[in-house]
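Student: For reference, the sequence and a predicted model appear below.
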Amino acid sequence: QTLQRRRLNFADAGFQINDEGTVRSLQNALSSEQLGEVLHAFELLPHVAVKARGMVNTSVAKLLAHEQPAIRVEALRCLAGFETHAADIEALLEDAAREVRAAAVQSYCATVREEATPKILPLLEDLDRKVQAAAVAGLRVAARAAPHRRATCARRFPFRWRWLMQAAPKPSASMDVRCR
């Protein structure tokens, strides 16, 4: 089945990318005009060694301005938790594409934790349910870091907050940081 899709499954792979040549190749792939090549590069990013991650994240941050929403979503997932890119992530909270806004909410909350609350609270009123659910899940992540924020959320959006807290899934490790 993997061969039919012409894709390899790196999810269970136990290797680490730490040599300069491979990191440069990944950076080149991230800069490619070919959408498939960029998406394949994203699959390898979780395997980049921590010491080489800074160089790669610079290339990933440039993709936050990519025309394709799927690329922006993957870039957001990979930058989650890296505080140096918090401002870049925050800018996408107002993206036109709903899937990008939802990914930006999760990434922003995973990056700045309790400081995300003021920016995320208004997204509970977003027209798209996926963005609303991402806001609740993100606020739950922030609430774990700052329990006093829960009361603010519940007071400001009482009915929607209760409904979304019941409807939204509890935050999982995969929501926290995907490419770390």
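Tutor: Thanks, I have the structure now.

Student: contacts, neighbours, all on C-alpha from now
Tutor: Will do.

Student: What residues sit buried inside the longest helix along the chain?
Tutor: The longest helix of the chain (DSSP state H) is helix 129-145. Of all the residues in helix 129-145, those buried under the rule 16 or more other Cα atoms under 10 Å are 130-143.

Student: For L93, which non-adjacent residue is closest in space?
Tutor: Computed as Cα to Cα, 6 or more residues apart in numbering, the closest residue to L93 that is not its neighbour in sequence is R101, at 5.0 Å.

Student: now that neighbour, what's its secondary structure?
Tutor: Secondary structure assignment for R101 (DSSP: H, G, I helix; E, B strand; the rest coil): helix.

Student: Pull up the gap between it and K119, please.
Tutor: 12 Å (Cα to Cα, to the nearest Å).

Student: between those two, who's got more neighbours?
Tutor: Counted by other Cα atoms under 10 Å, R101 and K119 do not tie: R101 has more neighbours, with 30 against 14.

Student: shouldn't that one be in contact with I89?
Tutor: No: the criterion here is Cα atoms under 8 Å, and R101 misses it with I89 at 9.7 Å.

Student: quick one: what helix or strand has the residue most central in space within the chain in it?
Tutor: Central residue of the chain (Cα atoms, centre = their mean): R77, 2.6 Å from the mean position. According to DSSP states H and E, R77 maps onto helix 69-79.

Student: Measure how far that helix is from the centre of its chain, please.
Tutor: Here helix 69-79 is found 6 Å from its chain centre; the criterion is Cα atoms, centre = their mean, to the nearest Å.

Student: next helix or strand past that helix?
Tutor: Following helix 69-79 in sequence, per DSSP H and E, is helix 86-91.

Student: now that next one: mean pLDDT?
Tutor: Mean per-residue pLDDT for helix 86-91: 96.

Student: and that helix, what other elements does it pack with?
Tutor: Helices and strands touching helix 86-91, by 3 or more Cα pairs under 8 Å, 6 or more residues apart in numbering; DSSP states H and E, are helix 98-112.

Student: Next, the buried residues of the helix it packs on.
Tutor: 98-112.

Student: Could you name the helices and strands sitting against it?
Tutor: Using 3+ Cα pairs under 8 Å, 6+ apart, helix 98-112 sits against helix 69-79, helix 86-91, helix 129-145, helix 173-176.
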